[in-house]
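Participant: Build me a model:
(one chain, ligands or ions: 1)
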Amino acid sequence: MKITVPILLALLLLASCAAPLAEQKEPVRLTVIGVSQVGAESDWRVANTESMRSTFTEEAGYRLLFEDARQKQDNQISAIRRFIQQQVDCIVLMPLCESGWDSVLQEAKAAGIPVILVDRSVAVEDDSLYAAHIGSDFCWEGQQAVAWLDGAFQDVEGPVNILHIQGTPGSSAQLGRSAALEQAVEDHENWTLLAQLDGDFTQAKTYEVTCQWLDGQSEKPQLHIVYCENDNSAFGAIQALEERGYTCGGEGVRVVSFDATRQGLTHCLKGKISLDVECDPLMGPLVEEVVQILEAGGTPEKHYYTQEQLFTPEDLTWKLIEQRIY
Ligand code: AHR
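Facilitator: Modelled structure (predicted):
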């Protein structure tokens, strides 16, 4: 066919009409998720953040607004208020501590934005202030640790001296893990808490407070147990102890830890950590399930607890550690 000028004009006109039609496709509506994370204090926390980031991607239909509170509750409260102003579809909150959330959660509720608590929980009078909580049972974790210690020291009649390195004060992880140890000390006449130090779940702070405490004693204390409330604290404590001539593991000091990160399990396989209680940070997929239930107008369960296990050096192999995601 010979293309004449009128035909060419008609074709051009058709093409110019067709283009906008193709572009008029409905844009994909992304679900906007505001995440208020505690900080980056530990390897566990970094893995938890990564789990959220790799779950709530644009390809999966989400826009993630991520705020790092740098270990300050005030920063978390400000972040939640910004999410409310931005009218996000859902707020995911990893609360630093348990108390002090009522007002800001009421504001989110009044704005009709559901809040999912991840990892730690909150202490509020009205539990309708959050849609669901997904995390570990920290009391269970602590009880598992002291049950293991109970077995390990059952034949010891003499004194059992304990140094306790606590996590961030007032956080669910600290409260649950500390409560179990404090109860066990009450239940065992020969168990003594020599000191409780705030390690804030970090390696650096734990190293510092442990060095200070050890160096401040008039005589080198006899230590049987160092109960650290996470792996990074255990690393800091082990360093401080070894620098001062203590042996960690075997018949030396029994270091107990929580998280079971790859690095924690490596210390455990080497015998420096005698028991590592798992705390699973990979909660992104479960959080997404709850978001989807909420989006569909459903009611999720109030609490979802992650399944966890205990590790001692005998349970571990290098292969198992290499396969670990975090
Ligand atoms: O709340 C979970 C705890 O917080 C983890 O044990 C610790 O590593 C983290 O920082």
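
Participant: contacting residues for the one residue in the stretch 201-326 of the chain that gets nearest to the ligand?
Facilitator: Closest residue of the stretch 201-326 of the chain to the ligand, C-beta to the nearest ligand atom: residue 230 (3.5 Å). In this view, the C-beta of every residue, glycine as well, is placed from N, C-alpha and C. Taking C-beta atoms under 8 Å, 6 or more residues apart in numbering as the criterion, residue 230 is in contact with 42, 44, 167, 173, 201, 257, 258, 259, 279.

Participant: So the first one is in contact with residue 205, correct?
Facilitator: No. Counting by C-beta atoms under 8 Å, residue 42 stays clear of residue 205, with 11.0 Å between them.

Participant: Could you look up the SS state of the residue of the stretch 51-200 of the chain found nearest the ligand?
Facilitator: Taking C-beta to the nearest ligand atom, the ligand has its nearest neighbour within the stretch 51-200 of the chain at residue 173, 3.6 Å off. Here residue 173 takes the helix state, with states given by DSSP: H, G, I helix; E, B strand; the rest coil.

Participant: That one contacts residue 281, doesn't it?
Facilitator: No. Applying C-beta under 8 Å, one finds residue 173 not in contact with residue 281, separated by 11.4 Å.

Participant: Pull up the overlap in contacts between these two.
Facilitator: residue 119.

Participant: Would you mark the buried spots in the helix or strand harbouring residue 193?
Facilitator: Secondary-structure assignment from DSSP states H and E places residue 193 in strand 191-198. Within strand 191-198, the residues scored as buried using 16 or more other C-beta atoms under 10 Å are 191, 193, 194, 195, 197, 198.

Participant: need the residues of the stretch 101-250 of the chain near the ligand, please.
Facilitator: Listed as neighbours of the ligand in the stretch 101-250 of the chain under the rule C-beta under 6 Å from any ligand atom: 119, 120, 173, 201, 230.

Participant: tell me the contacts of the residue lying closest to the second one once chain neighbours are set aside?
Facilitator: Leaving aside its sequence neighbours, residue 120 sits nearest to residue 172 (C-beta to C-beta, 6 or more residues apart in numbering; 3.8 Å). The contact partners of residue 172, taken as C-beta under 8 Å, 6+ apart, are 95, 98, 119, 120, 121, 135, 138.

Participant: if I read this right, the third one contacts residue 282, doesn't it?
Facilitator: Yep, that's residue 119 we're talking about. No. Here residue 119 lies out of contact with residue 282, judged by C-beta under 8 Å, at a distance of 11.3 Å.

Participant: out of these two, which sits in the more crowded spot?
Facilitator: More neighbours surround residue 119 than the other of residue 119 and residue 282, with 26 against 16 (other C-beta atoms under 10 Å).
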